[in-house]
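1. Here is a sequence with its predicted model. Questions after.
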Amino acid sequence: MKKLLIFVVLILPLVSFVQAQEKPYIAVTGESVVKVMPDYAIVKVRVEANAKAASEAKKKHDISVDAVLKLLKKMKFDSKEIATQYMHLNKTYDYNTKEYNYVATQSIHITLKDFNKYEALLQGLFESGVNSIDGIQFATTEFEKHKVSARKLAIQQAKQKAIEYAGELNQAVGKAIVISEFENINVPRFDQKMALEEVVVSGYRETIAIGEILVTAKVNVTFELK
């Protein structure tokens, strides 16, 4: 008896859906884009140290990382705004010199909330021993709020489409039967990798290009037709 009840409970939603599909319906897609200015960025930098001995490579690496952390503290970055990744120590072979070398690398992710600090941060990182910037990711602390707005606009567009199509056929739109959403990634990136030696030695001052975040939503909605 319990098995029968479970089967009935599971089959009822499917029957209801099939019955709904037997009625006249219209399926439309709604899309929207909400443009948002980012209020913070994740700056990804890398420290790399080379030496013939593993201990020497690690020592040089530790000195540079310590200098970077001291710089960030001096620039009033909170500890929560600094994330250090695991250090990697690799053995490499130079075919030109026919010698082995050790390379110690570590990535540091810095949360930058004050974009006015960018140039001073870049210069300070170079002087502290950072070798390259691996990318900048812009983001907003109010992403979910803007995502909700984008969803509402997408639903409104889908409904308006359905009304226009049905109206041309002298029909009316009824209740929504099925609503589905396409998931997507809305975080833009500034991923130009740059060697800090090349940027500073050449006299070129890199400035940050703050772009808008495009928060998008796309939905499929199936309406009854009357």
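-> Okay, I see it. Residues are numbered from 1 along each chain as shown.
2. ok, then the element right after the helix or strand bottoming out on mean pLDDT in the chain?
-> Across the helices and strands of the chain, mean confidence by mean pLDDT, DSSP states H and E is lowest for helix 196-201: a mean of 42. Using DSSP states H and E, the helix or strand that directly follows helix 196-201 along the chain is strand 213-225.
3. Parallel or antiparallel, which strands does that following strand pair with?
-> strand 25-36 (antiparallel), strand 173-182 (antiparallel) (DSSP bridges).
4. Including distance to G129, could those strands go into a markdown table?
-> For the C-beta atoms, the positions are set from N, CA and C on the backbone; glycine is no exception. Shown next, in a markdown table, are those (distance: least, C-beta to C-beta, whole Å):
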| stretch | distance to G129 |
| --- | --- |
| strand 25-36 | 35 |
| strand 173-182 | 44 |
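5. Show me what the closest residue to E31 other than its chain neighbours bridges to in the sheet.
-> Distances taken as C-beta to C-beta, 6 or more residues apart in numbering place K218 nearest to E31, at 4.8 Å, with adjacent residues excluded. Assessed by DSSP bridges, K218 has beta-bridge partners E31, F182.
6. Could you give the number of residues near K218?
-> 19 (other C-beta atoms under 10 Å).
7. Tell me who's in contact with it.
-> K218 makes contact with T29, G30, E31, S32, A154, E181, F182, N184 under the criterion C-beta atoms under 8 Å, 6 or more residues apart in numbering.
8. Excluding chain neighbours, what is closest to the last one?
-> If the residues on either side of it in the chain are set aside, N184 comes closest to T216, at 5.9 Å by C-beta to C-beta, 6+ apart.
9. Please tell me I have it right and that neighbour contacts V36.
-> No - taking C-beta atoms under 8 Å as the definition, T216 is not a contact partner of V36, at 11.0 Å.
10. tell me the domain ranges of the chain?
-> 24-39+141-188+209-226, 40-139 (automatic domain parsing).
11. Just send those domains back as JSON lines, with mean pLDDT too.
-> Output for these, formatted as JSON lines (pLDDT from 0 to 100):
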{"stretch": "domain 24-39+141-188+209-226", "mean pLDDT": "91"}
{"stretch": "domain 40-139", "mean pLDDT": "92"}
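12. For this protein, just list every one of the helices.
-> 2-22, 54-74, 118-128, 143-168, 196-201 (DSSP state H).
13. Any chance you could give me stretch 36-50 in PDB, C-alpha atoms only?
-> The C-alpha coordinates for stretch 36-50 follow below in PDB (Å, rounded to 0.1, in the frame of the first residue of the first chain):
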ATOM      1  CA  VAL A  36      26.300  47.900 -12.900                       C
ATOM      2  CA  MET A  37      29.500  49.800 -11.900                       C
ATOM      3  CA  PRO A  38      31.800  47.500  -9.900                       C
ATOM      4  CA  ASP A  39      32.700  48.600  -6.400                       C
ATOM      5  CA  TYR A  40      35.700  46.300  -5.900                       C
ATOM      6  CA  ALA A  41      38.200  44.300  -7.800                       C
ATOM      7  CA  ILE A  42      40.400  41.200  -7.200                       C
ATOM      8  CA  VAL A  43      44.000  41.900  -8.200                       C
ATOM      9  CA  LYS A  44      45.800  38.600  -8.800                       C
ATOM     10  CA  VAL A  45      49.600  38.900  -8.600                       C
ATOM     11  CA  ARG A  46      52.400  36.400  -8.600                       C
ATOM     12  CA  VAL A  47      55.800  36.200  -6.800                       C
ATOM     13  CA  GLU A  48      58.500  34.100  -8.500                       C
ATOM     14  CA  ALA A  49      62.000  33.400  -7.300                       C
ATOM     15  CA  ASN A  50      64.700  31.400  -9.000                       C
END
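14. Thanks a lot, see you next time.
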